[in-house]
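Enquirer: predicted model and sequence below, questions to follow.
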Amino acid sequence: MKIGILQTGYAPDPVVETSGDYPAMFARLLDGHGFDFQTWEVVDNQFPDGPDDADAWLITGSRHGVYEDHAWLPPLEALIRQIRDSGKPMVGVCFGHQIIAQALGGKVEKFQGGWATGRQTYDMGGAPVQLNAWHQDQVVQRPEGARVLASNDFCENAMLAYGDNILTIQPHPEFTATVIGGLLDYRAKGVVPDDLIARATENLTQPVDNAALGQKMAAVLKGEKI
């Protein structure tokens, strides 16, 4: 089964050296499910011909904001709507979560409450789930018909479902402690408040539920109904 990865940004070089770039992180998370991957670097205007170029689709994170003025954003939103209309499964993470919401009629903005950095706890159907996050932007208005699958007091729309085959996640199940540590070293200082950096650093060794979320993502990509 071919998974098309739409890459919307690049990890810092030191993170790439230790963990690979975003497509490699997702390939590890989704290993063992029989997937083949092809990446289109949409951030550099490299696009597939259409939804039929893959069996299912995955949109990565990015340091960019979905509301910014980039030439590749309108065609990406158009492709998202085409994938939705095709009925093919689609998963979006962080920026991917946000751009799918925006493309389908929701609203994303720089959240007034600030940053979520490192290990966070979410309520997912009454059960706690721990995942690493790295974002200031949030989906503040859901598209019509979107269902909330997970949330917490800081991030109301942490995981959304659209119909039976589109799943989007604000935190990063593909981010290990090594990745978060690299981001703390190379992207946090002067951007993320010092107290959040300290808290994220303290929690680096705490367990997260990446494997469970990877299984959920894989199930959706295989066509199981959400």
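Expert: Now that the structure is in, tell me what you want to look at.
Enquirer: beta-bridge partners for the residue sitting nearest the centre point of the chain, please?
Expert: For the chain, the residue sitting closest to the mean C-alpha position, by Cα atoms, centre = their mean, is residue 93 at 1.1 Å. Going by DSSP bridges, residue 93 is paired in beta bridges with residue 169.
Enquirer: can you start the count at 10 instead of 1 from here on
Expert: With the count now opening at 10, the last piece we talked about shows up as residue 102.
Enquirer: wait, it touches residue 184, no?
Expert: No: Residue 102 is beyond contact range of residue 184, at 9.3 Å (criterion: Cβ atoms under 8 Å). Heads up, the C-betas are built off the backbone N, CA and C, glycines and all.
Enquirer: ok, residue 76 touching residue 108?
Expert: No: between residue 76 and residue 108 there is no contact under Cβ under 8 Å: 9.8 Å.
Enquirer: between these two, point out the one with more neighbours.
Expert: Between residue 76 and residue 108, counted using other Cβ atoms under 10 Å, the more crowded position is residue 108 (27 against 14).
Enquirer: element containing that one?
Expert: helix 104-112 (DSSP states H and E).
Enquirer: quick one on the thing from earlier: now list whatever residues contact both of residue 76 and residue 108.
Expert: Counting by Cβ atoms under 8 Å, 6 or more residues apart in numbering, the contacts common to residue 76 and residue 108 are residue 117.
Enquirer: let me know the average pLDDT across stretch 151-166.
Expert: Throughout stretch 151-166, pLDDT has a mean value of 98.
Enquirer: if you could redo that for stretch 123-131, that was the one I meant.
Expert: The average pLDDT for stretch 123-131 rounds to 97.
Enquirer: same thing with stretch 112-119?
Expert: Rounded mean pLDDT across stretch 112-119 is 98.
Enquirer: show me what contacts the nearest residue to residue 31 once chain neighbours are set aside?
Expert: When the adjacent residues along the chain are set aside, residue 31 lies closest to residue 69, with 4.2 Å between them (Cβ to Cβ, 6 or more residues apart in numbering). By Cβ under 8 Å, 6+ apart, the residues touching residue 69 are 14-18, 31-32, 35, 102-105.
Enquirer: in the protein, which helix has the most residues?
Expert: If you go by DSSP state H, the chain has its longest helix at helix 82-95.
Enquirer: as a whole number, average confidence for that helix?
Expert: Averaging pLDDT along helix 82-95 yields 98.
Enquirer: elements contacting it?
Expert: On a contact count with 3 or more Cβ pairs under 8 Å, 6 or more residues apart in numbering; DSSP states H and E, helix 82-95 meets strand 99-102, helix 104-112.
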